[in-house]
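J.: Sequence and predicted model, in that order:
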There are 2 protein chains.
Amino acid sequence: MSMFVDSATRTDLLNRLKRAEGQLRGIQRMIEEGQACIDIASQMAAVRKALDSTYVRMTVCFMQQELHSRLQLDDRKEGELDALLDDVQTLLGKVR
Amino acid sequence: MSMFVDSATRTDLLNRLKRAEGQLRGIQRMIEEGQACIDIASQMAAVRKALDSTYVRMTVCFMQQELHSRLQLDDRKEGELDALLDDVQTLLGKVR
């Protein structure tokens, strides 16, 4: 399976992962400071959600890249495809 | 809801989170190096699993702490309770 060729896609994914990494460090601080379990749980749920949406984003970027390179569509059809992929991202986002 | 009073519990949770943080940095490196999408996906799934098992561990540690402090059991019953909580951790681990 291919890698990501588009540098904007890579930057988007990297930024999401960097943010999640920062959230994880924040949770470690909360535990060290002895904060309440329920607050730690909320932050853990937030990181999980961030990672899941990164996963969906990665999958959609992959589909977009591969479909564009394999189907070689004209501009109008490329636009149609991108609109469809936005919907796919929304759909996948609801279960992950 | 209370915080974690036991320092061994805090250390355990901190170590798990530190490991997940290292995994997240590894994924960023993979993206920067242009590694294949499928390999990045596997690593993302591994971090998600690590966070989920940290969440379950945290919940079980919370139950253990609160039950011990509220029920004030004798040693035999404490042993029973801890064995039960091991099973609860296994059960929760199957769905998260």
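T.: The structure has been received and is ready for your questions.
J.: Can you mark which positions in stretch A:58-68 are buried?
T.: The neighbour-count check on stretch A:58-68 (16 or more other Cβ atoms under 10 Å in any protein chain shown) flags A:58-62, A:64-65, A:67 as buried. The way it works is simple: take the backbone N, C-alpha and C, and place the C-beta from them, glycine included.
J.: Spatially central residue in chain A, please.
T.: residue A:54 (1.6 Å; Cα atoms, centre = their mean).
J.: Tell me if I'm right that residue A:55 and residue B:44 touch.
T.: Yes - in this structure, residue A:55 is within contact of residue B:44 by Cβ atoms under 8 Å, at 5.4 Å.
J.: How about the residue nearest to the centre of chain A: what's its closest non-neighbour residue?
T.: residue A:16 (4.3 Å; Cβ to Cβ, 6 or more residues apart in numbering or on different chains).
J.: Now do that neighbour: how many residues are near it, please.
T.: Residues near residue A:16, counting by other Cβ atoms under 10 Å in any protein chain shown, number 18.
J.: tell me the SS of the residue in chain A sticking out farthest from the centre?
T.: Using Cα atoms, centre = their mean, the residue of chain A lying farthest from its centre is residue A:34. It sits 30.7 Å away. Following DSSP: H, G, I helix; E, B strand; the rest coil, we place residue A:34 in the coil state.
J.: Chain B versus that one, what's the distance?
T.: 4 Å (Cβ to the nearest Cβ, to the nearest Å).
J.: now residue A:61
T.: 9 Å.
J.: so that residue is in which element?
T.: If you go by DSSP states H and E, residue A:61 is part of helix A:37-71.
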